[in-house]
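> fold the following, please.
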Amino acid sequence: MARHISISEARNQLTRLPEELEKTHETVAITRNGEPKLAVMSWDLYQSMVETMDIMSDPELVAQIRKGIADIEAGRVIPWEEARKELGL
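Numbers count the residues shown, from 1 in each chain. The predicted model follows:
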């Protein structure tokens, strides 16, 4: 859950927020009249969310991920050393 702060509080904390959010990986909701209007987060968290949305919007990739999870759950795996040999690593 995002911490809520008013626009005036955000203005006062603007120079401290980037460092704080990089450490905590929180999202802060900026409110006007008590209603959330903006979300502020670290750049790393933003990029991670965008990447996740990109992955989840690709039906083929999601199907591959689901198949991989099902394979693992069913025990259809090979040892790392065997995979390395097959891949020539």
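> can you give the domain ranges for this protein?
Here the domain parsing of the chain from automatic domain parsing is 3-42, 45-87.
> mean confidence for the shortest one?
Mean per-residue pLDDT for domain 3-42: 95.
> where do the strands of the chain begin and end?
3-6, 27-32, 35-41 (DSSP state E).
> so which other helices or strands are in contact with the shortest one?
The criterion is 3 or more CB pairs under 8 Å, 6 or more residues apart in numbering; DSSP states H and E, and the helices and strands that strand 3-6 contacts are strand 27-32. The C-beta positions use only the backbone N, C-alpha and C, and glycine is treated the same way.
> tell me which of the strands of the chain is the most buried.
Most buried of the strands of the chain by mean neighbour count (mean count of other CB atoms under 10 Å) is strand 27-32; its value is a mean of 16.
> how much space separates the closest residue to E26 other than its chain neighbours from L89?
Leaving aside its sequence neighbours, E26 sits nearest to R3 (CB to CB, 6 or more residues apart in numbering; 6.2 Å). R3 sits 45 Å away from L89, taking CB to CB, to the nearest Å as the criterion.
> same deal with R32?
For R32, the distance to L89 equals 55 Å [CB to CB].
> do the same with A63
Distance from A63 to L89, by CB to CB: 26 Å.
> again with T52
T52 sits 28 Å away from L89, going by CB to CB.
> contacting residues around P18?
Taking CB atoms under 8 Å, 6 or more residues apart in numbering, we find P18 in contact with S42.
> please renumber so the chain begins at 39
Let's use 39 as the start, then, which means that last one is P56.
> look up how far P74 lies from it.
Counting by CB to CB, the gap from P56 to P74 is 20 Å.
> swap in H42?
As judged by CB to CB, H42 and P74 stand 7 Å apart.
> same check on I68?
As for I68, its distance to P74 is 7 Å (criterion: CB to CB).
> overlap in contacts of these two?
By CB under 8 Å, 6+ apart, no residue touches both I68 and P74.
> quick revisit: so what's the residue nearest to E64 up against?
With contacts defined as CB under 8 Å, 6+ apart, R41 is in contact with 64-67.
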